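J.: With the sequence up front, the predicted model follows.
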Amino acid sequence: MKAGKLRHRVDIQKWVADRDTTTGEVAETWITNTTEWADVRPISGRERMEAAQVKADITHAITIRYKSDLEPANRIKWGERLFHIEGIINVDERDRELQILAKEQVD
């Protein structure tokens, strides 16, 4: 993988639940686990009707260097854009790069 292709900084986020020590309530939120260099490319898109509004789903291929702890429960944040991970491919099974298939929901 050539480093020049990885020109976007993305945050890999994970969902965490933490109990508030004063109220005892569980607070759930996304936190940034790590920041990585990535190549972000759109590969397909579609529009759909939901609650009498047109919404768009755009599928992207996001390539990053290999990370052993990345899982589909994570999400990727690029600027203000959010990508939900649909699948992760270890390219050539060589533990050098991951290709992530992710869906961005556009409202």
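T.: Here it is on my side, so go on.

J.: which residue sits closest to the residue nearest to the spatial centre of the chain in space, ignoring its chain neighbours?
T.: Nearest residue to the geometric centre of the chain (C-alpha atoms, centre = their mean): Ile76, 2.4 Å. Excluding its sequence neighbours, the residue lying closest to Ile76 (C-beta to C-beta, 6 or more residues apart in numbering) is Phe83, at 4.2 Å. Quick note: C-beta positions are derived from backbone N, CA and C, even for glycine.

J.: I'd say that neighbour and Thr59 touch.
T.: No: counting by C-beta atoms under 8 Å, Phe83 does not reach Thr59; the two are 9.4 Å apart.

J.: out of these two, which sits in the busier spot?
T.: Phe83 (23 against 15; other C-beta atoms under 10 Å).

J.: what's the longest strand anywhere in the chain packed up against?
T.: The longest strand of the chain (DSSP state E) is strand 26-50. In terms of contacts (3 or more C-beta pairs under 8 Å, 6 or more residues apart in numbering; DSSP states H and E), strand 26-50 is packed against strand 8-19, strand 53-65, strand 75-78.

J.: now do 7 Å
T.: Applying 3 or more C-beta pairs under 7 Å, 6 or more residues apart in numbering; DSSP states H and E, one finds that strand 26-50 makes contact with strand 8-19, strand 53-65.
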